[in-house]
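Participant: One predicted model, sequence on top.
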Amino acid sequence: MKGEGKVVTMSKMKWVGLVGLVLSAVSLIVHFLLARFTEEGLAEYQSSVTIFSWRPIFDNADFPKSITGHRRLWGPVRPLESLQPDANPRGYYTEPPSQSNGYVFVRIQGGFHEIRNSICDVVAVSRLLNATLVIPEIQSTTSSKGISSEFKSFAYLYNEEHFMAALVKDVKIVKTLPNNLKKARRKKEIPSFKVPYAASPYFYLHNVLPVLSKHSVVELVVPDGGCLQAILPPELEEYQRLRCRVGFHALRFRQQVQDLATKILLRLRAPGRPFIAYDPGMTRDALALYGCAELFQDVHTELIQHKRAWMRKRGIVKGKLSVNSAEKRRNGSCPLTPEEVGILLRAYGYPWDTIIYVSGGEVFGGQRTLIPLHAMFENVVDRTSLSAGWELSRIYGREVQLVDSYRSTPPPAMDGKKVEAWKNAGPRPRPLPPPPARPKSYNIEGWWGWVAESDNEPESTVMELRTNAHKLLWEAIDYVICVEADVFISGFDRDGKGHPNFGSLVMGHRLYQSAASQTFRPDRKEVAKLMEQTREHLYQANHTWLTSVRKHMTRSLIDGIREAVKSKPQSFLSNPVPECSCSTAETSLNASSPSVRAQVEAILGVTHRCPAWMNSDLTSRSKDKESEEDLDEDDSLSSGLFFRNSGETHESGGGEVNKEEAQLEDQEELDGMEK
């Protein structure tokens, strides 16, 4: 009887355990479904997660104004407050005629910034040729295997409907070619032009237009990120404003991408603090082109040099393979490192808990290069730390799983025969067996295989092509956040072809949309000199050095725009002033003096006055500012500024207030621009 009782008890315990396991499994499934599909529940969950290192204890909107030196750190650049966006036609400009000369089909290759530049150019070219533009096809990777079939080419990145609606008064746009021309294109029977970089308008009028009139269709292949020269003749100034309407108004990202960018932006602003956006610009191609390999160590230097050898072989690089990277850095040809950018920002006065958003599709060297920046600023974030993995996956669409495997070939028959002959050889001792054949590059996983084997890099796998397409979406998110940031700074303004890069486009967009927002454009040559002066005591800089850095950073807010004019012949979108800007009348008692404004407008070439409605709108907004107290008091310029001290608080920003220095910096902002 006792044995039977034990059996019954054990049986009951087993059933209880089984029921408990089933209930646990059901509970996990329910929680997973709630977290995955319930937006409200997810928002509540995310609000409980501490993204930043400090607690957002200041919830009111007035908190930022109480920080010492707030206006200098975050406020508008006063001499630029009069500049406003104005890309509307100003002269004779008619709607496109109902009868066009034919269809222009465009294939655009390149990265995010190259695509954006090219789209603006092809719209202007279509208007010039009086042609109907077919929605451009962008980057071959968006049409390759492995990419979701939900989005095709242009619609993978941009909103087609908005693009067509925004330009309805500028150029005729259709989604696809007529059926008869589609068949001709498949058979490669339509004329095609591989357009040179920065071609002149006369190239299209003299070469493309006659062919378009004869065949009613042409195909343009744009490989280098720009098919029309940036600076057009004065009689084509309306085409410059058309480019602005395309780049800054018509090119809106796909709704899913725009929504995620907005969510990340709201999460950045949730603590009630302003933030800095930083674009490193440190791509492998740019470092190889300008000979900056020695800024890194170990394998990274070897990878950069391998890319430079590849560029020399194809005539992209004209110089020597081995260059003095230190000399290049002193000349301002190399990007500012994250460490140097962190030192500049700390020296300017930004406290250790400032939020810094790191953008860009690639930071060569990975997170290791960002370690010094993390040491100086505790709240360094990017898109991955401000969004869930499934949120990023959702914008990719439904993609099939891929196994990224390298091709392998069977060993040659001769190797097998040699081994078999060795086994059947005479009596021992026998000679050693033949060594194995040297493995081919496609049998070795990773970069170390092809670096050692060949100057040619292997063809991209399907997985790599998919990643390249994803990078377009990543940079689209970063672009929105950088344009809307309170402060923006770029470590480099050139890409791997010597053209303006992602950071240049952001600076141009900010100059158009909100010219007075703080956009630092430090002179890399001057920064290299400043760093050399205190190389031995970099993190314990003296008062004189910190003052020099502040003066340089303040000057770069306007002097940098003057230097950006040099990049205009390569990309109009990187500096759309003065064609797409206007100047308002005096709107505030606190505005900069008329003489400073006049000098700034003369530097930028702005002569057009804004419409009356714009002046009245700005005047009403400026009335609220006139009664505000100017709190431009400087924070500490003491040494030991770059790491968090235990005694620092949000109020102090790291030290005592220096009012004399505050007055000096304010005077530098207003009067130092005359240089």
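Facilitator: Nice, I can see it.

Participant: now the stretch 151-300 of the chain, which segments are flagged as low pLDDT?
Facilitator: The model of the stretch 151-300 of the chain has pLDDT under 70 over residues 296-299.

Participant: which residue ranges form the helices in it?
Facilitator: Assigned by DSSP state H, counting those that start in this stretch, the helices in the stretch 151-300 of the chain fall at 154-157, 160-166, 179-186, 201-203, 209-215, 237-245, 255-269, 284-290, 299-313.

Participant: you'd agree residue 491 is up against residue 334?
Facilitator: No: at 9.6 Å, residue 491 does not count as touching residue 334 under the criterion of Cβ atoms under 8 Å. In this view, the C-beta of every residue, glycine as well, is placed from N, C-alpha and C.

Participant: element containing residue 344?
Facilitator: Here residue 344, judged by DSSP states H and E, is contained in helix 338-348.

Participant: which helices and strands sit right next to the helix or strand harbouring residue 551?
Facilitator: Here residue 551 sits within helix 543-564, counting by DSSP H and E. In terms of contacts (3 or more Cβ pairs under 8 Å, 6 or more residues apart in numbering; DSSP states H and E), helix 543-564 is packed against helix 338-348, helix 502-513, strand 518-520, helix 524-533, helix 594-604, helix 659-671.

Participant: and these as JSON lines, adding mean pLDDT and distance to residue 576?
Facilitator: Formatted as JSON lines, those follow (pLDDT from 0 to 100; distance: least, Cβ to Cβ, whole Å):
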{"stretch": "helix 338-348", "mean pLDDT": "93", "distance to residue 576": "25"}
{"stretch": "helix 502-513", "mean pLDDT": "94", "distance to residue 576": "5"}
{"stretch": "strand 518-520", "mean pLDDT": "94", "distance to residue 576": "14"}
{"stretch": "helix 524-533", "mean pLDDT": "91", "distance to residue 576": "23"}
{"stretch": "helix 594-604", "mean pLDDT": "70", "distance to residue 576": "11"}
{"stretch": "helix 659-671", "mean pLDDT": "47", "distance to residue 576": "24"}
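
Participant: Tabulate those (JSON lines), appending distance to residue 86 and mean neighbour count.
Facilitator: Formatted as JSON lines, those follow (distance: least, Cβ to Cβ, whole Å; neighbours: other Cβ atoms under 10 Å):
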{"stretch": "helix 338-348", "distance to residue 86": "31", "mean neighbour count": "23"}
{"stretch": "helix 502-513", "distance to residue 86": "9", "mean neighbour count": "25"}
{"stretch": "strand 518-520", "distance to residue 86": "19", "mean neighbour count": "24"}
{"stretch": "helix 524-533", "distance to residue 86": "32", "mean neighbour count": "17"}
{"stretch": "helix 594-604", "distance to residue 86": "13", "mean neighbour count": "17"}
{"stretch": "helix 659-671", "distance to residue 86": "25", "mean neighbour count": "16"}
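
Participant: closest to residue 559 out of these?
Facilitator: Proximity to residue 559 (Cβ to Cβ) singles out helix 594-604 among those, at 8.9 Å.

Participant: Quick check: residue 279 vs residue 524, distance?
Facilitator: As judged by Cβ to Cβ, to the nearest Å, residue 279 and residue 524 stand 14 Å apart.

Participant: before we move on, what about residue 555?
Facilitator: Going from residue 555 to residue 524 by Cβ to Cβ gives 14 Å.

Participant: same deal with residue 463?
Facilitator: From residue 463 to residue 524 the distance is 36 Å (Cβ to Cβ).

Participant: Likewise for residue 290?
Facilitator: Going from residue 290 to residue 524 by Cβ to Cβ gives 11 Å.

Participant: Find residues that contact each of the two.
Facilitator: Shared contacts of residue 290 and residue 524 (Cβ atoms under 8 Å, 6 or more residues apart in numbering): 333-334.

Participant: Can I get the helix or strand containing residue 114 in CSV? Just the C-alpha atoms.
Facilitator: Using DSSP H and E, residue 114 sits within helix 112-129. Provided in CSV are the C-alpha atoms of helix 112-129 (Å, rounded to 0.1, in the frame of the first residue of the first chain):
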residue,chain,number,x,y,z
PHE,A,112,23.5,57.8,-50.5
HIS,A,113,25.0,61.3,-51.2
GLU,A,114,25.8,60.4,-54.8
ILE,A,115,22.2,59.3,-55.5
ARG,A,116,20.7,62.4,-53.9
ASN,A,117,23.0,64.7,-55.9
SER,A,118,22.2,62.8,-59.1
ILE,A,119,18.4,62.9,-58.7
CYS,A,120,18.5,66.7,-58.4
ASP,A,121,20.6,66.9,-61.5
VAL,A,122,18.5,64.6,-63.7
VAL,A,123,15.3,66.6,-62.8
ALA,A,124,17.1,69.8,-64.0
VAL,A,125,18.3,68.0,-67.1
SER,A,126,14.8,66.8,-67.9
ARG,A,127,13.5,70.3,-67.6
LEU,A,128,16.3,71.6,-69.8
LEU,A,129,15.5,69.0,-72.5
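
Participant: can you put the helices and strands packed on helix 543-564 in CSV and add distance to residue 127?
Facilitator: CSV is the format used below for the helices and strands packed on helix 543-564 (distance: least, Cβ to Cβ, whole Å):
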stretch, distance to residue 127
helix 338-348, 40
helix 502-513, 20
strand 518-520, 30
helix 524-533, 37
helix 594-604, 26
helix 659-671, 41
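
Participant: Let me see the contact set for residue 493.
Facilitator: 281, 500-501, 503-504, 507, 521, 564, 567, 574.

Participant: Assumed it was part of a helix.
Facilitator: No: the assignment for residue 493 (DSSP: H, G, I helix; E, B strand; the rest coil) gives coil, which keeps it out of a helix.

Participant: distance of it from residue 420?
Facilitator: Where residue 420 is concerned, residue 493 sits at a distance of 63 Å (Cβ to Cβ).

Participant: So which of the contacts of residue 493 is surrounded by the most neighbours?
Facilitator: Ranked by neighbour count (other Cβ atoms under 10 Å), those have residue 501 at the top, with 30 neighbours.

Participant: what pLDDT does it get?
Facilitator: Looking at residue 501, its pLDDT reads 90.

Participant: you'd agree it is up against residue 495?
Facilitator: Yes: applying Cβ under 8 Å, one finds residue 501 in contact with residue 495, separated by 4.0 Å.

Participant: For the two, list the residues in contact with both.
Facilitator: Residues touching both residue 501 and residue 495 comprise 113, 283, 286, with contact defined as Cβ under 8 Å, 6+ apart.
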